[in-house]
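S.K.: okay, here's the prediction I keep looking at, along with the sequence it came from:
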Amino acid sequence: MKKITLLFLSLIALAGCQTAHINSTKVSQLKFLNEYVVPDSLIVDGTVVGGLSGIDYDAGTSYLICDDAFNPRYYQATITVNKDKLTDIHFDEVHHIIDTANFLDMEGIRYDTEKKVVVITSEGSIKRGISPSLFTIDANNNIDKLKIPRMFSANSEQQPRNNGTLEGLSLSTDKKGYWIAMELPLKADGPEPAYEKADSPVRITYIDAKSGMPGKQFAYYLDPIVKKPEGDFAVNGVPDILEYAKDRFFIIERAYSSGWGTQGNTVRIYEADARKTTNTLEMSSLKDKGFRPAVKTLLFDFESVRDQLTKHIVDNIEGITFGPTLSNGHKSLILVSDNNFNQLGEQITQFILLEIID
């Protein structure tokens, strides 16, 4: 692993963040509890709060990654849940990362309690020839870059898509490694999802925390786009993942169809069962179908609660984490949306609280 030193402007000691997991190996459903919207005008230490593409949480404290490539940073915030409702989110501090050697488009964040490091994914910029990356930051402000599969590199024969690389990130339930997910298929693996049709596998890879090396990988098929785009753009991909039991995951699929205004997003949470999948780590292409993908089961469709959300907006939900234990003893999930700093039209920074029912 290559060691690089980062400068932090507003450094604080990182609090431990316990990784939750579910005792059951099967989740039956997710139940919507409530929504909390952060004002667009919120300023913390001179930065506009927005572009939140990943979240990790522990005992009321959260770490939120911002995907502003020109001012890479993450926030520490206090999340309050009272009577099984999100009642307040206070952004306490901002951590700036200065790294002149790389183009950081940071997407995922976790806190590794075993190694006492923050773990971050970056999409890089394929069109600029900058590869995606996975790295950790320790309490001394040092970064270790972990090795990701060669096929994800900007100049690989498998051709990752620009703005479609590493987004999803999860700690493994055994705390020995990290799972990273590609947002879109490699060009060598298949096309992007289209309206009402998709043959689009994305790769989800396990990275060993001790060696920093890829260990195994499986494929997960994306849904077709369900809303017919009224314009010339539509996309569906994986923005985040969360392993809740060994080889079982919550996976967000987030689609967008142009021409629908604030109603263009389709967001779903699936359970992915990877226990019987083929290890695709050494497969240069997935087009021949000679592998067994993860089995997916729909757990929650945000269309079912659209009428309960602010202005009926299901926003650009990109981050998922375990939340606090609820009053009935059930675990919870907290999700966050990336408002793109409202550069693409009206959007909101939206936090969602869900109950896990097993």
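M.R.: Yes, it's here.
S.K.: pLDDT below threshold where in this protein?
M.R.: 1-25, 100-102 (pLDDT under 70).
S.K.: center of it - which residue?
M.R.: Asp240 (2.6 Å; C-alpha atoms, centre = their mean).
S.K.: so what's it up against?
M.R.: Applying C-beta atoms under 8 Å, 6 or more residues apart in numbering to Asp240 gives the contacts 54, 108, 167-170, 181, 251-252, 318-320. No exception for glycine: its C-beta is placed from N, CA and C like everyone else's.
S.K.: dump those residues to JSON lines, plus secondary structure.
M.R.: As requested, these are arranged in JSON lines below (DSSP: H, G, I helix; E, B strand; the rest coil):
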{"residue": "Gly54", "secondary structure": "strand"}
{"residue": "Gly108", "secondary structure": "strand"}
{"residue": "Glu167", "secondary structure": "strand"}
{"residue": "Gly168", "secondary structure": "strand"}
{"residue": "Leu169", "secondary structure": "strand"}
{"residue": "Ser170", "secondary structure": "strand"}
{"residue": "Ala181", "secondary structure": "strand"}
{"residue": "Ile251", "secondary structure": "strand"}
{"residue": "Ile252", "secondary structure": "strand"}
{"residue": "Glu318", "secondary structure": "strand"}
{"residue": "Gly319", "secondary structure": "strand"}
{"residue": "Ile320", "secondary structure": "strand"}
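S.K.: for stretch 238-252, which positions count as buried?
M.R.: Under the neighbour-count criterion of 16 or more other C-beta atoms under 10 Å, stretch 238-252 has 238-245, 247-252 buried.
S.K.: among the contacts of Asp240, name the buried ones.
M.R.: The neighbour-count test (16+ other C-beta under 10 Å) marks 54, 108, 167-170, 181, 251-252, 318-320 as buried among the contacts of Asp240.
S.K.: can you put these in TSV and add distance to Met213?
M.R.: Below are the buried ones among the contacts of Asp240 laid out as TSV (distance: C-beta to C-beta, whole Å):
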residue	distance to Met213
Gly54	23
Gly108	19
Glu167	21
Gly168	19
Leu169	17
Ser170	18
Ala181	18
Ile251	24
Ile252	27
Glu318	27
Gly319	26
Ile320	26
